[in-house]
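>>> this one's sequence-less:
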């Protein structure tokens with residue numbers, strides 16, 4: 001098989017798989033990164049990589065791209081840009097993967113205002129489409145306001161606004177207490193989303209009323225006078241989500257200041 005491999009090819013994890021945070025029902029997002037001029041050879045290799053997932057019934061998001069194709073896709077689509085910011089090399093050519101990271105960040109940092117604007121607009125559109133985690137009785141844990149996608153937006157903002165290796169706290173983009181709170185919020189949301197997937201046995205991020213009593217039991221919430229166990233669960237969710245919302249708004253404001261888009265308040 002080795003002699004059949006295209007030259008300088010890599011298998012890259014994207015999105016949640018790239019971040020090493022997958023819930024039971026999450027897609028596995030993989031990309032074959034290559035420099036091959038013969039697409040048929042790359043296509044054959046990609047099929048060998050992807051077919052085991054398809055045969056096992058594992059939801060798979062897949063792509064086959066060169067570095068130039070990645071940058072072009074990131075230019076056109078925000079979701080691709082964000083997914084590539086979370087990229088992780090699973091196997092293969094580190095040289096091409098390193099080049100992808102450098103060129104992606106160089107492209108996005110050329111016009112940080114555009115990236116921040118697209119990220120802001122996407123957040124507003126998501127929040128308009130999905131019930132918020134901050135107060136809805138049946139919230140959307142991933143896309144709703146205060147949900148996991150807002151947590152991810154903080155990381156994407158830092159990756160574009162700050163140079164590689166710069167600590168967001170040291171750079172003033174994030175407060176130390178905010179980072180600690182955001183880590184706790186993300187852990188709670190990931191655990192709750194994973195428990196929801198296991199309870200429903202399918203990929204769903206909407207926390208419907210019918211699932212809340214069982215999940216409250218899993219999380220150890222108990223009924224108290226005047227407060228049912230599921231209400232205690234939702235109260236905890238609202239608190240975490242409001243914290244996420246506060247931190248993401250603060251980071252977005254600071255990022256805009258650092259990018260020179262607005263004047264800092266005095």
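On my side now, so go ahead. Please read these numbers as outputs of a predicted model, since none were measured by experiment.

>>> contacts only, for residue 99.
Counting by CB atoms under 8 Å, 6 or more residues apart in numbering, residue 99 touches residue 67. C-beta coordinates here come from the backbone N, C-alpha and C atoms, glycine included.

>>> all helices of the stretch 1-150 of the chain, in order?
15-19, 39-56, 67-76, 78-85, 94-110, 112-129, 148-161 (DSSP state H, counting those that start in this stretch).

>>> low-confidence ranges, this protein, go.
For the chain, the stretches with pLDDT under 70 are 1-6, 261-266.

>>> what about the longest helix in it?
Longest helix in the chain, counting residues (DSSP state H): helix 229-258.

>>> can you tell me the closest non-neighbouring residue to residue 112?
Of all residues not flanking residue 112 in the chain, residue 259 sits nearest, at 4.5 Å (CB to CB, 6 or more residues apart in numbering).

>>> and the one you found, backbone torsions?
Torsion angles at residue 259 (phi, psi; degrees, to the nearest 10) stand at phi -80, psi 0.

>>> next one: it relative to residue 107, how far apart?
15 Å (CB to CB, to the nearest Å).

>>> then residue 125?
Applying CB to CB to residue 125 and residue 107 gives a distance of 23 Å.

>>> between these two, which one's more packed in?
Between residue 125 and residue 107, counted using other CB atoms under 10 Å, residue 107 has the larger neighbour count: 17 against 11.

>>> ok, that one to residue 76 distance?
Distance, residue 107 to residue 76, by CB to CB: 12 Å.

>>> same check, this time on residue 260
Using CB to CB, residue 260 is found at 25 Å from residue 76.

>>> how many residues are close by residue 110?
Neighbour count for residue 110, taken as other CB under 10 Å: 9.

>>> ditto for residue 57
By other CB under 10 Å, 7 other residues sit near residue 57.

>>> returning to what we had before: name the helices or strands packed onto the longest helix of the chain?
If you count contacts as 3 or more CB pairs under 8 Å, 6 or more residues apart in numbering; DSSP states H and E, helix 229-258 packs onto helix 112-129, helix 148-161, helix 176-200, helix 212-218.

>>> residue 234 is nearest to which of these?
Among the helices and strands packed on helix 229-258, the nearest to residue 234 by CB to CB is helix 212-218 (6.7 Å).

>>> hmm, back to that, give me the buried positions along the longest helix of the chain.
By neighbour count on 16 or more other CB atoms under 10 Å, the buried set for helix 229-258 is 229-234, 237-238, 240-245, 247-248, 251-252, 254-258.

>>> repeat that for stretch 144-154.
For stretch 144-154, by 16+ other CB under 10 Å, it's 144, 145, 146, 147, 148, 149, 150, 151, 152, 153, 154.

>>> got the contact list for residue 80?
Residues in contact with residue 80 (CB under 8 Å, 6+ apart) are 70, 73, 74.

>>> how close does the residue nearest to residue 20 when sequence neighbours are not counted sit to residue 158?
Using CB to CB, 6+ apart and skipping the chain neighbours, the partner closest in space to residue 20 is residue 88 (7.4 Å). Here residue 88 is placed at a distance of 17 Å from residue 158 (CB to CB).

>>> show me which of those two is the more surrounded one.
Per other CB under 10 Å, whichever of residue 88 and residue 158 has more neighbours is residue 158, with 18 against 13.

>>> excluding chain neighbours, what is closest to that one?
Per CB to CB, 6+ apart, closest to residue 158 is residue 168, 4.6 Å.

>>> wait, is that neighbour part of a helix?
No. Using DSSP: H, G, I helix; E, B strand; the rest coil, the assignment for residue 168 is coil, not a helix.
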